[in-house]
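Engineer: Next come a sequence and a model predicted from it.
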Amino acid sequence: MAQRKSGSTTLKQVAERAGVSMAAVSAVLNSKKSSIRISPATAELIQQAAKDLHYVPNGLARSLRTNRTNNIGLVFENFGGITEGQFYVELLDGVAQELFKNKYRLTILPEVDRVQPINSLGNGLLDGVIWCKLPQSPDVIDILQRCPIPFVALHARPTEAHEAAAYISADNYGGAKLAVQHLHELGHKRLLFILETAEVDVPDAQARLAGFLDACAELNIEVQDQDIRIWSHDLHETNTYFHSQPEHTAIITWNERTAGVLLEHAQSLNIQVPRDLSVISFDSTSFSEKTSPRLTCIYQPIREMATAAVRTLLAQINGETITQDFEYPTRLDLRDSTTEPPKNRDWSSILNAEKSS
């Protein structure tokens, strides 16, 4: 005889097997309050019948009754993996730890239907969404305005913000100013700011660029078009850049992964950081302790931000109205990749040494 498929048994079948009412079965197996008095012997009979029939409670049916799925979506488009940098690791761990503590599951969404985002989000499978890169398209935001579930944006508030969302981020603008001030105090006067092609319109990156520009203006550091570069994920542009013998004595990258790749390219060209060039970045996770040299960084409390995002979203799910921003302070973590600018840097000698080695 074929074995009954797990999960296909109904309450009615369990009731017939145990010789009791469906109300009694529901009260025992689904922990449902009932006015029916059930003796321990009857409860044991029902549980044995359920075991014999391989009964599995219908979670979907229960979610329809309670209007909850206990499932949260985490949208992280352009997910770069966890092999370079620790931002993703700390963010995912912070979100997961807080969700699991509250008996929620986590679903990672690598992309969302931009034409009909509610197909991805409002299909009844999620109670809420944490969105790391909330799209800024007015059409998408208009649709999300009608989304039946709450969501929290885990990034800086953009210019065209969705007013129904709570925005949680670090002080990206202030952090960039800290980086510029640090380099200025060391004596640097020619700075380069590097953005990444796929992330150039991310609100965090834009806020850091704005902080860089304003700090330079306040400190009378000239910024020209060539002092802001938008490079690819693998930074293959660095070879051409260094062979152009640039005047920059320090580089600020928009995140630590980018800085790590930059350090590797510099080392391959015999460029010594920080002797020939200072490098500073954002994030300051354990990754920055393992680069060569150790990376001076602007610290942002990633786990704390992730925890706050979960708590804010759960509060919204429970009926609270929370739409204000939560912005966490940043700080400078001084390590080994920044120092005073070189006095007599000879790019020809440096790059020729690379060729002969």
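Structural biologist: Everything's here; your move.
Engineer: Could I get the contacting residues of Glu44?
Structural biologist: Residues near Glu44 by C-beta atoms under 8 Å, 6 or more residues apart in numbering: none. Using the backbone N, CA and C atoms, a C-beta is placed for each residue, glycine as well.
Engineer: Return the distance of it relative to His233.
Structural biologist: As judged by C-beta to C-beta, to the nearest Å, Glu44 and His233 stand 61 Å apart.
Engineer: mind listing the helices in this protein by residue range?
Structural biologist: Assigned by DSSP state H, the helices in the chain fall at 11-18, 22-29, 40-52, 59-66, 87-101, 117-121, 138-144, 172-186, 203-218, 238-243, 256-268, 287-290, 302-317, 347-356.
Engineer: List the buried residues of the fifth one.
Structural biologist: The reference is to helix 87-101. Going by neighbour count (16 or more other C-beta atoms under 10 Å), the buried part of helix 87-101 is Phe87, Tyr88, Val89, Glu90, Leu91, Leu92, Gly94, Val95, Ala96, Glu98, Leu99.
Engineer: how far away is Phe242 from Pro342?
Structural biologist: 14 Å.
Engineer: Which one of those two is surrounded by more residues?
Structural biologist: Legend: neighbour count by other C-beta atoms under 10 Å for Phe242 and Pro342, higher for Phe242 (21 against 15).
Engineer: The spatially closest residue to Asp93 that is not a sequence neighbour: neighbouring residues, count only.
Structural biologist: The shortest distance from Asp93 to any non-neighbouring residue, by C-beta to C-beta, 6 or more residues apart in numbering, is to Arg303 (6.9 Å). Arg303 is flanked by 16 other residues according to other C-beta under 10 Å.
Engineer: Arg303 touches Glu90, doesn't it?
Structural biologist: Yes: Arg303 lies in contact with Glu90 (C-beta atoms under 8 Å); the separation is 5.3 Å.
Engineer: and the residue nearest to Asp93, what does it touch?
Structural biologist: Counting by C-beta under 8 Å, 6+ apart, Arg303 touches Glu90, Leu91, Asp93, Gly94.
Engineer: And Pro110, how far from Cys132?
Structural biologist: Using C-beta to C-beta, one obtains 11 Å as the distance from Pro110 to Cys132.
Engineer: out of these two, which sits in the more crowded spot?
Structural biologist: Neighbours were counted for Pro110 and for Cys132 using other C-beta under 10 Å; Cys132 has more, 21 against 10.
Engineer: pLDDT wise, what is that one at?
Structural biologist: Listed pLDDT for Cys132 reads 83.
Engineer: OK, contacts around it?
Structural biologist: Leu74, Val75, Phe76, Glu77, Leu91, Ala153, Leu154, His155 are the contacts of Cys132 under C-beta under 8 Å, 6+ apart.
Engineer: who's the first one bridged to?
Structural biologist: With DSSP bridges as the criterion, the beta-bridge partners of Leu74 are Ile108, Ile130.
Engineer: and it, how far is that from Ile108?
Structural biologist: 5 Å.
Engineer: who has more neighbours, these two?
Structural biologist: Per other C-beta under 10 Å, whichever of Leu74 and Ile108 has more neighbours is Leu74, with 24 against 12.
Engineer: Contact partners for that one?
Structural biologist: Applying C-beta under 8 Å, 6+ apart to Leu74 gives the contacts Leu92, Val95, Leu106, Thr107, Ile108, Leu109, Val129, Ile130, Cys132.
Engineer: Ok, Leu183 next?
Structural biologist: By C-beta under 8 Å, 6+ apart, the contact list for Leu183 reads Leu191, Ala250, Ile252, Ser278, Ile280, Thr338.
Engineer: Just put the residues you listed in JSON lines and tack on pLDDT and distance to Pro203.
Structural biologist: Output for the contacts of Leu183, formatted as JSON lines (pLDDT from 0 to 100; distance: C-beta to C-beta, whole Å):
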{"residue": "Leu191", "pLDDT": "98", "distance to Pro203": "22"}
{"residue": "Ala250", "pLDDT": "98", "distance to Pro203": "25"}
{"residue": "Ile252", "pLDDT": "98", "distance to Pro203": "18"}
{"residue": "Ser278", "pLDDT": "98", "distance to Pro203": "27"}
{"residue": "Ile280", "pLDDT": "98", "distance to Pro203": "21"}
{"residue": "Thr338", "pLDDT": "98", "distance to Pro203": "26"}
